[in-house]
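Peer 1: Here is the input, now give the coordinates:
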Amino acid sequence: MSQTLDRTDPAEAGPDPAAARVDAWLGRLEAALVARDAEAGAALFAVQSFWRDLVAFTWNIRTVEGRDGVAALLRGTMDAADAHGFVADPDEQPTEAGGVTEAWILFETAVGRGRGHLRLKADECWTLLTTLYELKGYEEPRGPARPLGAEHGAHRERVTWSEARQREASELGAAVQPYVLVVGGGQGGIALGARLRQLGVPSIVIDKHARPGDQWRGRYKSLCLHDPVWYDHLPYLRFPDNWPVFSPKDKIADWLESYTSVMEVPYWTNSVATSAAYSPQTREWAVTVERDGNPITLRPKQLVLATGMSGKPNVPDLPGMDVFAGDQHHSSAHPGPDAYAGKRCVVVGSNNSAFDICGALWEVGADVTMVQRSSTHIVKSGTLMDIGLGALYSEQAVASGMTTDKADLVFASLPYRILHEFQIPLYDQMRERDQEFYDRLEAAGFRHDWGDDGSGLFMKYLRRGSGYYIDVGAADLVANGDVKLAHGQVDHLREHSVVLADGTELEADLVVYATGYGSMNGWAADLISQDVADQVGKVWGLGSDTTKDPGPWEGEQRNMWKPTQQEALWFHGGNLHQSRHYSLYLALQLKARYEGVPTPVWGLQEVHHRS
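Peer 2: Numbers count the residues shown, from 1 in each chain. I've put the predicted structure just below:
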């Protein structure tokens, strides 16, 4: 019996329909851009559509919606951007599923190179992400362009690497002014400092602590990252493959210190910025810095406040605080549980820090009461890893070819306006998987929520930066009654107790205020002026008109990683994922300004809320 084999050449099988659809759409987009026809470009987008641009077109971080929004963006940016060369990434095959065609794309602008992501429904764009990843003529010295390092040959008065570094360190801030001053040397400031270093932008990162990483070393001893290792890499240097899934605080502190050294980040320790003022005439800042107790005036052109995602600690002003005989402090100043074994401890709050501190206090034998003032969303760490992060940030994702950079872009490609629609089904799965846990928690009296619209932790984080706990065990203590639970607002303190608004009195030797933080523009108020803080407005949040994120809708994180209403003032930070990803776009904006590359900003952030 003979057998017929199919020997058809794949090249003769005809074009892939998804690839053909993408190529055709990109061709029509480029034609509209070449013709400077904003209406023709907008007509390529669906009625409900979203274009998110990270610096490439707008020199800003902006999302526009619908054809009118696309047309406005194109009218405002086409000439200066001069975007062209749109092609599907040859290393990434377009895919099609559920009526949606997806593709990774590459393009160029007048001054840089970009990459992005496209989703088509039929032949119309549903979502478009465009990002700038390098400036032409100012590329990072990596790969084939990496520096030689050694100076071969015989040279009189040879300067070694160590001598050059020592000279640079002695001159920067004295004979040579930094172009960028980064205030705050945690993971955000360090990541940005590393990117600026690779781009050749003279900069200094300053921090009040004695060593990089002390921001972590000084926190309560049980603190660890609640996000998994794949989510938390820094730029350039990944964590080793044997790094723990959840980094203990002292381990991450040592990593930050070594990273700062290896990446040669110009970093001043024991340095506090005490005042700053901007001169529109000279277009530079005058920043007074106390370095090792000595005042120095720095004159950077750009000032970055890299203080995380939060402002100053919210410490309540309560009657009786002056008569309370025990210890009391904000969670950010909590030294750890050791001194409180056998003591009566009241923790005011029910989010991440509150649970961590309650758990650590219980472990040393303290009598612990949590005061829950409002409902909290809790998700178990393992469940979040499996359902919420597994497709992008996990060992399985790595094995399937999902790099961290690609995962970051996938996440960035989902517009905030519709991100909750993708999150709700995931949190429905989490609720179902851990229903018995939630039943026990609520039976104990804990007030639990899933966010205003059931979209869970990530949307709470993006909208308000609070209101959640990633459970690594302490929630079971509340569910079991090992950590006692009280509800309501604190009315006042007595010598040995905390009194709630309903009259409940909780005996206490320690009160921890796990009461969160204010907006980051509070740092600008302290360092510069209240007028500048008000001019810039609230930092963080989307304008979703949900709890603690007042409208109107703004579509991007307020004032983060992009120009603000105060010239040459920037805010940087967020979690490790955001510090890693968005430091690229902030660094490119700063590099362009340093080199005199035109940066016409489109759609500058409007101010709707001052704090």
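Peer 1: Name the residues linked to L172 by a beta bridge.
Peer 2: For L172, the beta-bridge partners are V176 (DSSP bridges).
Peer 1: I'd like the numbering to begin with 870 instead of 1 from here.
Peer 2: Will do, 870 is the new start, and the previous item becomes L1041.
Peer 1: so it makes contact with I1073?
Peer 2: Yes: judged on Cβ atoms under 8 Å, L1041 makes contact with I1073 at a distance of 6.2 Å. No exception for glycine: its C-beta is placed from N, CA and C like everyone else's.
Peer 1: what is in contact with the two at once?
Peer 2: Applying Cβ atoms under 8 Å, 6 or more residues apart in numbering, one finds that L1041 and I1073 are jointly contacted by 1047, 1135.
Peer 1: Out of those two, name the residue with the larger neighbour count.
Peer 2: I1073 (26 against 17; other Cβ atoms under 10 Å).
Peer 1: Which stretches in the stretch 1270-1419 of the chain count as strands?
Peer 2: Secondary structure of the stretch 1270-1419 of the chain, counting by DSSP state E, counting those that start in this stretch: strands at 1337-1340, 1353-1356, 1359-1363, 1366-1369, 1374-1376, 1379-1382.
Peer 1: In JSON lines: these, plus mean pLDDT and distance to A1145.
Peer 2: Listed next are these as JSON lines, based on pLDDT from 0 to 100; distance: least, Cβ to Cβ, whole Å:
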{"stretch": "strand 1337-1340", "mean pLDDT": "95", "distance to A1145": "33"}
{"stretch": "strand 1353-1356", "mean pLDDT": "98", "distance to A1145": "43"}
{"stretch": "strand 1359-1363", "mean pLDDT": "98", "distance to A1145": "35"}
{"stretch": "strand 1366-1369", "mean pLDDT": "98", "distance to A1145": "39"}
{"stretch": "strand 1374-1376", "mean pLDDT": "98", "distance to A1145": "42"}
{"stretch": "strand 1379-1382", "mean pLDDT": "98", "distance to A1145": "29"}
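Peer 1: Of those strands, flag the one that's most buried.
Peer 2: strand 1379-1382 (a mean of 25; mean count of other Cβ atoms under 10 Å).
Peer 1: what lines up beside it in the sheet?
Peer 2: Here, using DSSP bridges, strand 1379-1382 pairs with strand 1196-1199 (parallel), strand 1213-1217 (parallel).
Peer 1: follow-up on the earlier one: redo the strands of the stretch 1270-1419 of the chain as JSON lines? Include distance to R1300.
Peer 2: Below are the strands of the stretch 1270-1419 of the chain laid out as JSON lines (distance: least, Cβ to Cβ, whole Å):
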{"stretch": "strand 1337-1340", "distance to R1300": "14"}
{"stretch": "strand 1353-1356", "distance to R1300": "21"}
{"stretch": "strand 1359-1363", "distance to R1300": "31"}
{"stretch": "strand 1366-1369", "distance to R1300": "30"}
{"stretch": "strand 1374-1376", "distance to R1300": "31"}
{"stretch": "strand 1379-1382", "distance to R1300": "30"}
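Peer 1: Ok, which of those strands comes nearest Y1454?
Peer 2: strand 1337-1340 (26.2 Å; Cβ to Cβ).
Peer 1: Longest helix in this protein, by number of residues?
Peer 2: For the chain, the helix that runs over the most residues, judged by DSSP state H, is helix 1445-1464.
Peer 1: would you put the C-alpha positions of that helix in PDB?
Peer 2: Output in PDB follows, covering the C-alpha atoms of helix 1445-1464 (Å, rounded to 0.1, in the frame of the first residue of the first chain):
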ATOM      1  CA  LEU A1445       9.700  47.600  41.500                       C
ATOM      2  CA  HIS A1446       7.900  46.700  38.300                       C
ATOM      3  CA  GLN A1447       6.900  50.400  37.600                       C
ATOM      4  CA  SER A1448      10.300  51.700  38.700                       C
ATOM      5  CA  ARG A1449      12.000  49.400  36.200                       C
ATOM      6  CA  HIS A1450       9.600  49.900  33.300                       C
ATOM      7  CA  TYR A1451       8.800  53.600  33.500                       C
ATOM      8  CA  SER A1452      12.400  54.700  34.400                       C
ATOM      9  CA  LEU A1453      13.200  54.100  30.700                       C
ATOM     10  CA  TYR A1454      10.700  56.600  29.500                       C
ATOM     11  CA  LEU A1455      11.600  59.200  32.100                       C
ATOM     12  CA  ALA A1456      15.300  58.700  31.300                       C
ATOM     13  CA  LEU A1457      14.700  59.200  27.600                       C
ATOM     14  CA  GLN A1458      12.800  62.400  28.300                       C
ATOM     15  CA  LEU A1459      15.700  63.700  30.400                       C
ATOM     16  CA  LYS A1460      18.300  62.600  27.900                       C
ATOM     17  CA  ALA A1461      16.600  64.300  25.100                       C
ATOM     18  CA  ARG A1462      16.500  67.600  27.000                       C
ATOM     19  CA  TYR A1463      20.100  67.200  28.000                       C
ATOM     20  CA  GLU A1464      21.200  66.800  24.400                       C
END
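Peer 1: Output the contacting helices and strands for that helix.
Peer 2: On a contact count with 3 or more Cβ pairs under 8 Å, 6 or more residues apart in numbering; DSSP states H and E, helix 1445-1464 meets strand 993-1004, helix 1056-1067, strand 1171-1174, helix 1273-1281, strand 1438-1440.
Peer 1: and H1024, which of the three is it?
Peer 2: Put simply, H1024 is coil when judged by DSSP: H, G, I helix; E, B strand; the rest coil.
Peer 1: follow-up on the earlier one: which among the strands of the stretch 1270-1419 of the chain is found nearest to A915?
Peer 2: strand 1337-1340 (33.0 Å).
Peer 1: ok, the closest one: who's next to it in the sheet?
Peer 2: strand 1246-1249 (parallel).
Peer 1: what secondary structure does V1070 sit in?
Peer 2: coil.
Peer 1: Apart from its chain neighbours, what residue comes closest to it?
Peer 2: Of all residues not flanking V1070 in the chain, Y1463 sits nearest, at 5.0 Å (Cβ to Cβ, 6 or more residues apart in numbering).
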